[in-house]
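Enquirer: next comes the sequence, and after it the predicted model I'd like to discuss.
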Amino acid sequence: MTNVLVTGGCGFIGTWVLHDLLVRGATPIVVDHQPQPDRWQRVLGKNIDRVKQVDSSLLDPAGLQETIERFDITHIIHLAALLTPACQQDPWLGCQVNVLGSTAIFEAARRSQRIQGISYASSYAVYGPEAVESDQPNRPPTFYGAFKQAVDLIVEQYWRQYQVASVAVRPHVVYGPERDQGLTAGPSLAARAAVNGDEFTIGYRGRVGYDYVEDVSTAFVRAAFECPPGATVVDLPGELATSEDFAQAIAKAVPASTGRIHVDGPSIPANIPPRPNFIANLFPDWQPTSLLEGVRKTVAYYRDHP
């Protein structure tokens, strides 16, 4: 029996991780302070009853270890975190949740001595906006990015000191069905608006990498199940596109939306990896979903879930 502890399983990516785990026949055990979201019903359907949600805290290593023992956890997928705006508004809370909470997960795994593999969410936010050829160090520009970088360093020590193996997955802008929170939810919300015949404005500009959500969920699941020795960090490839390119992809998937999807707002940083380690180096068979295909899948989902 494969029992997987998923932190942040009520979130956007977490919901698709649960979907992937259920398809593979695994049993997800969710630690998340949020109540069961409506998106679970839409994405998981009748399999929702196979998901177990427990009342535990990221700041309680002993409680997390007890959960690991009680449910015979074999793997961990750690997604829970406060995002950029919350970390900027309250750095102390962000540090507690993102840094101490992640440390608590690894400490519980160390003490249990039964975990076969851990994957966890790092982020392109650890990379600064500097170009690769710049003489300046590539530094995270936000508290969120700094916290993620700190976790990566801490996790490396859990391998060096205690041989707790893990894979950090770094997606860029994740899009797809059910993405509805944050500035970079704009393209996903625009796809939904296109299906509904509405106008919508993507509220930022810039050329960034886009990762389709089911690719991202597969990355986390495979990384946990096929976790190699060490503290591995992998970048998702992220198809580079501007907000205008994304709007054009929506127009191709929904021709009637042409002229109804607009772009406005500030440019967001590209967060350039100076020395990327792409996930294909870990999984040579990795085939990312193209932006156009990901948009088409998103549109098809919203047509089936009006």
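Expert: Received, thanks. If you're wondering where the values come from, they're calculated on a predicted model, not measured in any experiment.
Enquirer: contacting residues around the lengthiest helix in the chain?
Expert: Looking across the chain with DSSP state H, the single longest helix is helix 143-162. Helix 143-162 has contacts (CB atoms under 8 Å, 6 or more residues apart in numbering) with 81-84, 87-88, 91, 94-95, 98-99, 102-103, 106, 110, 120, 122-123, 125-128, 140, 164-166, 168, 229-231, 233, 271. Any C-beta I mention is one placed from the backbone N, CA and C, and that applies to glycine too.
Enquirer: with stretch 275-292 instead?
Expert: Under the contact criterion CB under 8 Å, 6+ apart, stretch 275-292 has outside partners 167, 169, 210-212, 214-215, 219, 222-223, 226, 228, 232-237, 239, 241, 245-246, 249, 252-253, 297.
Enquirer: among those, the buried ones, what's the ChimeraX command?
Expert: Buried subset of those, written as a ChimeraX selection, criterion 16 or more other CB atoms under 10 Å:
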select :167,169,210,211,212,214,215,219,222,223,232,233,234,235,236,237,239,241,245,246,249,253,297
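Enquirer: strands of the stretch 101-250 of the chain, residue ranges please.
Expert: Listed in chain order, the strands found in the stretch 101-250 of the chain under DSSP state E, counting those that start in this stretch are 117-121, 166-170, 173-175, 200-202, 207-212, 231-235, 239-242.
Enquirer: and the ones you listed as TSV, adding distance to Val6 and mean pLDDT?
Expert: Below are the strands of the stretch 101-250 of the chain laid out as TSV (distance: least, CB to CB, whole Å; pLDDT from 0 to 100):
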stretch	distance to Val6	mean pLDDT
strand 117-121	10	98
strand 166-170	14	98
strand 173-175	16	97
strand 200-202	30	98
strand 207-212	19	96
strand 231-235	19	97
strand 239-242	26	96
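Enquirer: in stretch 288-301, what's buried?
Expert: Those would be 288-289, 291-292, 294-299, 301, for stretch 288-301 by 16+ other CB under 10 Å.
Enquirer: now that stretch - C-alpha only, PDB.
Expert: Provided in PDB are the C-alpha atoms of stretch 288-301 (Å, rounded to 0.1, in the frame of the first residue of the first chain):
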ATOM      1  CA  PRO A 288       6.200  18.700 -21.300                       C
ATOM      2  CA  THR A 289       2.800  19.800 -22.500                       C
ATOM      3  CA  SER A 290       3.100  22.600 -25.100                       C
ATOM      4  CA  LEU A 291       1.500  26.000 -24.300                       C
ATOM      5  CA  LEU A 292      -1.100  25.600 -27.100                       C
ATOM      6  CA  GLU A 293      -2.000  22.000 -25.900                       C
ATOM      7  CA  GLY A 294      -2.200  23.100 -22.300                       C
ATOM      8  CA  VAL A 295      -4.500  26.000 -23.200                       C
ATOM      9  CA  ARG A 296      -6.700  23.600 -25.200                       C
ATOM     10  CA  LYS A 297      -6.900  21.200 -22.300                       C
ATOM     11  CA  THR A 298      -7.800  24.100 -20.000                       C
ATOM     12  CA  VAL A 299     -10.600  25.200 -22.400                       C
ATOM     13  CA  ALA A 300     -11.900  21.700 -22.700                       C
ATOM     14  CA  TYR A 301     -12.100  21.400 -18.900                       C
END
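Enquirer: and the closest residue to Arg260 other than its chain neighbours, how far from Pro177?
Expert: Using CB to CB, 6 or more residues apart in numbering and skipping residues adjacent in sequence, the residue nearest Arg260 is Glu199, 4.6 Å away. With distances taken as CB to CB, to the nearest Å, Glu199 is found 20 Å from Pro177.
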